[in-house]
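# how does the following fold in three dimensions:
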Amino acid sequence: MALIASSPTARLHMRALPRWLPSALVLAACAGFMFFDLKTPPIVMWDESRLAVNALEMHLSGRLSLVTTYGFRPDLWNTKPPLLIWLMDLSMSLFGVSEWSVRLPSMISAVATLALVMSFTRRVTHSWLTGALAAVLLALSVLFFSEHGARTADYEALLCLLTTSYLYVLFFALHRRRPGAGVVMAAAGLVAAAVLTKSVAGLLPGVGVGLYLVVVGRWRRPLQSLWYAAAGVLVLGVGATYFLLREHAAPGYLQAMVFNDVAGRFTSALDRHSGPPWYYLNNFFVRGVFSAGMFAALAPLALLSARGPARLALLFGLCVTAGVLAVLSLSATKLTHYGITTCPWIAIFTAIGAHEGVKALARANARGQLQVLTPRLACGVFAAVLVVIGARSVQFRMGWLMDHEFYPKALYGELFEALSAREVRAVRVVDSGGVTPGRAADGVARDYAPQLNFYRLQARSRGMDVVRIAPTELGVQGAGAVLASCDPLYTPRLQPLGPNLVAIPGCVAVRR
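Numbering: from 1, shown residues only. Below is the predicted model of the structure:
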């Protein structure tokens, strides 16, 4: 039964449409919500700018490499594998160097994840509206569409696509006594790709798969087919090959990777990112980084009435979410976006819970057991709740998020573009960096300025000579030199030197 009852006339109109059109319209609306802006947001400080520099330096080198660089030296601070960097490099090769070309792989990944969520939910519930609901709940989730998610060139969107993909494949494979070799090896390929995206984080949802197999009593199933063993060998082989080749190409990588991605994060709160054991539960289900918030916490109640594939899918989503959040909660380093791979499954089990709840109400209504809360009224209440959720997400998306993204020290790209339009070909920039004593980052210099570095390299690729200078060098620049800054510490020092050449709030560029 669909979540919302439809009239016979409406059903006839729906049948007259191509079957793919309603799903395409939902995906288009979700993409419009997540990505449409009147003005392209600048590159974000944490952590998009670092990855953007990695990708642009690889692009300027003219070749794909196992070794990502920062300052054209091997990067031992960002030690993730290079699959996303390769995709960003490819995008820049096809479409030029820009914010949106850097973000294109993440944008495509996010929309593809929405399509997978819609497909999976529809497949297990036989309800198009329930599938659409799951996709909408995911798209409206702050964690999914904001920084580190769909809107930025960070690892999470691609990781989310790959983990959702292999979990999708495994769910149906594990319910077959003899799964096909192609299906199992496809899942293995997706797991390997997830590892090449964000190292051990790509394996984390596997904890939930193991938990699910124990709960449903199917833990022997993977032991009954040699293809699962072959899949494990493939994943281990791909991972080991990459890590060994990367260490050989630039020694010291393995030690840095083990600390950054495994040991260091579990034993100590890197960059002061800590929290209580209930950190993730609070953020996801109380503070609302997942759109449905506390309503998602009610979804397990549907296990009382759900049957068949919907019940198994609901339980699978709960196990995946519980497994990932349990492991993350044991880690000393806590950041909300680490749990983004659970968002598709929270959306799925929330939508299934709503679907099963309406079905249970319909059965009770048919038996004459309902006096007030009829299925139609329940659908109306749920639709009103969805409107409130959407309004909150739109307010965050168009209000706080845009104000947070557009600030002076992020506007160097706009500054250099304005100077280029005035035929300025050489600029000297002074900037204090993005790390202050109150927010020190482990292993990052105080003058760390990856946003400036990205836009400086972008300007160089377009023929502009941009050099960052020390504040002490301001007084020794010759006549005619263009001095610029978007740093509030230094713009007051530049303003008396001449008229501002640009009309960008918070930025100053003067000619001596």
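
# give me the number of residues near the closest residue to R425 other than its chain neighbours?
Nearest residue to R425, sequence neighbours excluded (Cβ to Cβ, 6 or more residues apart in numbering): M464, at 5.8 Å. From N, CA and C alone the C-beta is placed, and that goes for glycine too. Other residues lying near M464 total 17 when counted by other Cβ atoms under 10 Å.

# ok, M464 - contacts?
F416, L419, S420, V424, R425, A426, V427 (Cβ atoms under 8 Å, 6 or more residues apart in numbering).

# looking at these, which has the most residues close by?
Using other Cβ under 10 Å as the neighbour test, the contacts of M464 are led by F416, with 25 neighbours.

# just the element for that one, please.
Here F416 sits within helix 412-421, counting by DSSP states H and E.

# centre of the chain versus that helix, how much separation?
Put simply, helix 412-421 sits 29 Å off its chain's centre (Cα atoms, centre = their mean, to the nearest Å).

# now the longest helix seen in the chain: buried residues?
In the chain, taking DSSP state H as the definition, the longest helix is helix 99-125. By 16 or more other Cβ atoms under 10 Å, the buried positions in helix 99-125 come out as 99, 101-118, 120-122, 124-125.

# what does stretch 391-398 give?
S393, F396, R397.

# what mean pLDDT does the next helix or strand after the helix holding F416 get?
Downstream of helix 412-421, the next assigned helix or strand under DSSP H and E is strand 426-429. The average pLDDT for strand 426-429 rounds to 96.

# for strand 426-429, C-alpha coordinates in PDB please.
Extracted C-alpha coordinates of strand 426-429, given in PDB (Å, rounded to 0.1, in the frame of the first residue of the first chain):
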ATOM      1  CA  ALA A 426      50.900  39.900 -11.200                       C
ATOM      2  CA  VAL A 427      49.600  40.100  -7.600                       C
ATOM      3  CA  ARG A 428      51.300  39.900  -4.300                       C
ATOM      4  CA  VAL A 429      49.100  38.600  -1.500                       C
END
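
# sheet partners, orientation included, of that strand?
When pairing is defined by DSSP bridges, strand 426-429 lines up against strand 465-468 (parallel), strand 482-485 (parallel).

# and for G71, the neighbour number?
Around G71 there are 10 other residues, counting by other Cβ under 10 Å.

# OK, contacts around it?
Each residue near G71 by Cβ under 8 Å, 6+ apart is listed here: N453.

# mind checking pLDDT for it?
93.

# would G433 count as being in a strand?
No. Under the criterion used here (DSSP: H, G, I helix; E, B strand; the rest coil), G433 is coil, not part of a strand.

# ok, it touching Y448?
Yes. Using Cβ atoms under 8 Å, G433 is in contact with Y448, at 5.0 Å.

# where does pLDDT dip in the stretch 201-350 of the chain?
269, 271 (pLDDT under 70).

# which one is L245 nearest to, not counting chain neighbours?
L66 (5.7 Å).

# repeat for R287
Spatial nearest neighbour of R287, chain neighbours left out: G293 (7.8 Å); criterion: Cβ to Cβ, 6+ apart.

# if we can go back for a sec, residues contacting the residue nearest to L245?
By Cβ under 8 Å, 6+ apart, the residues touching L66 are P82, Y242, L245, R246, A249.

# inside helices: which ones of the residues you listed?
Among those, the residues falling in helices (DSSP H) are Y242, L245, R246, A249.

# buried ones only from those, please, as a ChimeraX command.
Filtering these down to the buried ones (16+ other Cβ under 10 Å) takes a single ChimeraX command:
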select :242,246
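
# just the ones in helices among the contacts of L66 now: which is nearest N78?
Set against N78, the nearest of the ones in helices among the contacts of L66 by Cβ to Cβ is R246 (12.8 Å).

# how about the helices in the stretch 151-300 of the chain?
For the stretch 151-300 of the chain, the helices defined by DSSP state H, counting those that start in this stretch occupy 155-173, 181-198, 206-215, 226-249, 253-258, 264-267, 279-285, 294-297.

# how about the longest one: buried residues?
Read it as helix 226-249. W227, Y228, A231, L234, V235, V238, G239, Y242, F243, R246, E247.

# so can I have a markdown table of the helices of the stretch 151-300 of the chain showing distance to L304?
Compiled in a markdown table, the helices of the stretch 151-300 of the chain are given as follows (distance: least, Cβ to Cβ, whole Å):
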| stretch | distance to L304 |
| --- | --- |
| helix 155-173 | 21 |
| helix 181-198 | 31 |
| helix 206-215 | 16 |
| helix 226-249 | 32 |
| helix 253-258 | 45 |
| helix 264-267 | 37 |
| helix 279-285 | 20 |
| helix 294-297 | 15 |
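
# so which of those helices comes closest to A470?
Of all the helices of the stretch 151-300 of the chain, it is helix 253-258 that lies closest to A470, at 28.5 Å by Cβ to Cβ.

# give me the contact list for that closest one.
With Cβ under 8 Å, 6+ apart as the test, helix 253-258 has contacts from P74, L76, W77, T79, S199, F243, R246, E247, G264.

# go ahead and confirm the fourth one touches D261.
If I follow you right, that is T79. Yes. Counting by Cβ under 8 Å, T79 touches D261, with 6.2 Å between them.

# per-residue pLDDT, the spatially most central residue of the chain?
Among the residues of the chain, G149 comes closest to the average C-alpha position under Cα atoms, centre = their mean, at 2.6 Å. Looking at G149, its pLDDT stands at 93.

# again, but for G438
Per-residue pLDDT puts G438 at 44.

# do the same with W77
For W77, the model assigns a pLDDT of 89.

# which element is it on?
Assigned by DSSP H and E, W77 belongs to no helix or strand.

# check the spacing between it and S61 real quick.
Distance, W77 to S61, using Cβ to Cβ, to the nearest Å: 19 Å.

# now V233
The gap separating V233 from S61 is 33 Å, by Cβ to Cβ.

# for G434, same thing?
Noted for G434: a distance of 25 Å to S61, by Cβ to Cβ.

# which one of those two is surrounded by more residues?
More crowded of G434 and S61, by other Cβ under 10 Å: G434, with 21 against 12.

# which other helices and strands contact the following helix or strand past the longest helix of the chain?
Going down the chain from helix 99-125, the next helix or strand is helix 128-139, by DSSP H and E. Judged by 3 or more Cβ pairs under 8 Å, 6 or more residues apart in numbering; DSSP states H and E, helix 128-139 is in contact with helix 21-35, helix 99-125, helix 343-366, helix 375-395.

# next, the angle from the second one to helix 343-366.
Counting by axes from the mean of the first three to the mean of the last three Cα atoms, to 10 degrees, helix 99-125 points 30 degrees away from the direction of helix 343-366.

# how about the shortest one?
For helix 21-35 against helix 343-366, the angle between stretch directions is 130 degrees (the same axes, to 10 degrees).
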